[in-house]
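Chemist: predicted model follows, preceded by the sequence.
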Amino acid sequence: MPGLRRLYAPQRVAVRTDPRGAPTTVEGATVEAVREEWLVEDRWWTPQPLRRHYFELALRDGRALTVFRTDRAQRWYRQRA
């Protein structure tokens, strides 16, 4: 619809990972700890199911951040800046 915009749309980010796939840096900021991680699988009944691997992170500079990786394209996004 014209005039409407999506609130908190995910934003693409550059992420480096360790060998098991957990983020070690996000946009150059060092990850101090992975607080939580979870997998979301939705629309499994459709030809294009949604599968995202989420990580709730504590960054070294004190910020908290949630990022996710899409399984299909292997791209990383920041959720709610």
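Modeler: The structure has been received and is ready for your questions.

Chemist: and the most centrally placed residue in the chain, what element?
Modeler: Nearest to the geometric centre of the chain sits residue 68, at 1.7 Å (Cα atoms, centre = their mean). If you go by DSSP states H and E, residue 68 is part of strand 64-70.

Chemist: so which elements touch the helix or strand that that strand is followed by?
Modeler: Of the helices and strands lying after strand 64-70 in sequence (DSSP H and E), the nearest is strand 76-79. Helices and strands touching strand 76-79, by 3 or more Cβ pairs under 8 Å, 6 or more residues apart in numbering; DSSP states H and E, are strand 11-12, strand 23-26, strand 64-70. Quick note: C-beta positions are derived from backbone N, CA and C, even for glycine.

Chemist: so which elements touch the strand holding residue 68?
Modeler: strand 23-26, strand 50-59, strand 76-79.

Chemist: nearest to residue 4, of those?
Modeler: strand 76-79 (19.8 Å; Cβ to Cβ).

Chemist: still on that earlier bit, ok, the residue nearest to the centre of the chain - contacts?
Modeler: Listed by Cβ atoms under 8 Å, 6 or more residues apart in numbering, the contact partners of residue 68 are 10, 40, 52, 53, 54, 55, 76, 77, 79.

Chemist: how close does the fourth one sit to residue 61?
Modeler: Which is residue 53. Per Cβ to Cβ, to the nearest Å, residue 53 is found 24 Å from residue 61.
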